[in-house]
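In: Got a predicted model here, sequence first, then my questions.
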Amino acid sequence: MSCAALFVTCLLTANTIAAKLIVVGGVVLTAGIVIFPISYVVGDVLTEVWGYGAARRVIWLGFACNAVMVAAIWLGGELPPAPFWKGDAAYAEILGHTPRIVAASFVAYLVGEFANSFVLAKLKIATRGRWLWLRTIGSTVVGQALDSGVFVTLAFAGTVPPGVLAQIVGGQWVFKVLYEAAATPLTYAAVAWLKASEGVDAYDHDTDFNPVRL
């Protein structure tokens, strides 16, 4: 339960603060980068300890919570402001994402998260539970590549030159993978503690990997 709560919190927080653009090492990123990769770390822990089925439920929980948040923000923007309140334009600029950006975010989230969980679960079987670092980083390489590629392409294709699109995707992908690698000691500690305290270490030998099965 605590892992699910942390996963959803990271997701919603990242999507809220993503309206701010920052520059890290010459690469333009959203402020959501400071916390969004943590959702992948938590997703790795969920899959490693409880298996793909548990991660699948939490991924859909995050999707549902994000949909509720987006709907609530949209509804709040549609409500008429108080005559004395001067922040309506700022509210719309910061929180009023365009439908294209929202759709791109939802699709990229599902593709990236499910790919990450699937690859980690398969690698766990292939490595017989060894080399956790290889599984977490390897799954992130795939998941974050898909997440960044799908989001940037769907959100900005046709409005940004292809070369710039590739730079944005590459920059975000590299940063997120390095983030995951740096968090490896934390992942090891969390996995070891949860496996010991929960008494579980799932292997997805007979798992149905259909992402829409709940």
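Out: It's in.

In: C-alpha only now, for contacts and for neighbours.
Out: OK.

In: what sits against the residue nearest to Phe36 when sequence neighbours are not counted?
Out: In this structure, Phe36 finds its nearest non-sequential neighbour in Ala14, 5.2 Å apart by CA to CA, 6 or more residues apart in numbering. Applying CA atoms under 8 Å, 6 or more residues apart in numbering to Ala14 gives the contacts Ala31, Gly32, Ile33, Val34, Ile35, Phe36.

In: Also Gly149?
Out: Contacts of Gly149 (CA under 8 Å, 6+ apart): Ala108, Val169.

In: still on that earlier bit, the residue nearest to Phe36 and Ala108: what is the separation?
Out: As judged by CA to CA, to the nearest Å, Ala14 and Ala108 stand 14 Å apart.

In: Identify each buried residue in the lowest-mean-pLDDT helix or strand in the chain, please.
Out: Across the helices and strands of the chain, mean confidence by mean pLDDT, DSSP states H and E is lowest for strand 27-30: a mean of 75. By 16 or more other CA atoms under 10 Å, the buried positions in strand 27-30 come out as Leu29, Thr30.

In: Please give the centre-to-centre distance between the helix or strand just after it and its chain.
Out: Following strand 27-30 in sequence order, the next helix or strand is helix 36-50 (DSSP states H and E). For helix 36-50, the distance from its own C-alpha centre to the chain's C-alpha centre is 10 Å (CA atoms, centre = their mean, to the nearest Å).

In: Then stretch 99-108?
Out: 13 Å.

In: Now that stretch - C-alpha only, CSV.
Out: What follows is stretch 99-108, C-alpha atoms only, in CSV (Å, rounded to 0.1, in the frame of the first residue of the first chain):
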residue,chain,number,x,y,z
PRO,A,99,-5.8,18.2,-25.0
ARG,A,100,-2.9,17.1,-27.2
ILE,A,101,-0.4,17.3,-24.3
VAL,A,102,-2.7,15.5,-22.0
ALA,A,103,-3.4,12.7,-24.4
ALA,A,104,0.3,12.3,-25.2
SER,A,105,1.1,12.1,-21.5
PHE,A,106,-1.5,9.4,-20.9
VAL,A,107,-0.3,7.3,-23.8
ALA,A,108,3.3,7.7,-23.0
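
In: Okay, angle between whichever helix or strand Ala5 is part of and helix 36-50 too, please.
Out: Using DSSP H and E, Ala5 maps to helix 2-17. Inter-element angle recorded for helix 2-17 and helix 36-50: 160 degrees (by axes from the mean of the first three to the mean of the last three CA atoms, to 10 degrees).

In: Name the residues of helix 2-17 that come out as buried.
Out: Ala4, Phe7, Val8, Thr9, Cys10, Leu11, Leu12, Ala14, Asn15, Thr16, Ile17.

In: chain center to it: distance?
Out: 9 Å.

In: quick one on the thing from earlier: now the contacts of Ala14 as a markdown table including neighbour count?
Out: Compiled in a markdown table, these are given as follows (neighbours: other CA atoms under 10 Å):
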| residue | neighbour count |
| --- | --- |
| Ala31 | 18 |
| Gly32 | 21 |
| Ile33 | 19 |
| Val34 | 16 |
| Ile35 | 19 |
| Phe36 | 20 |
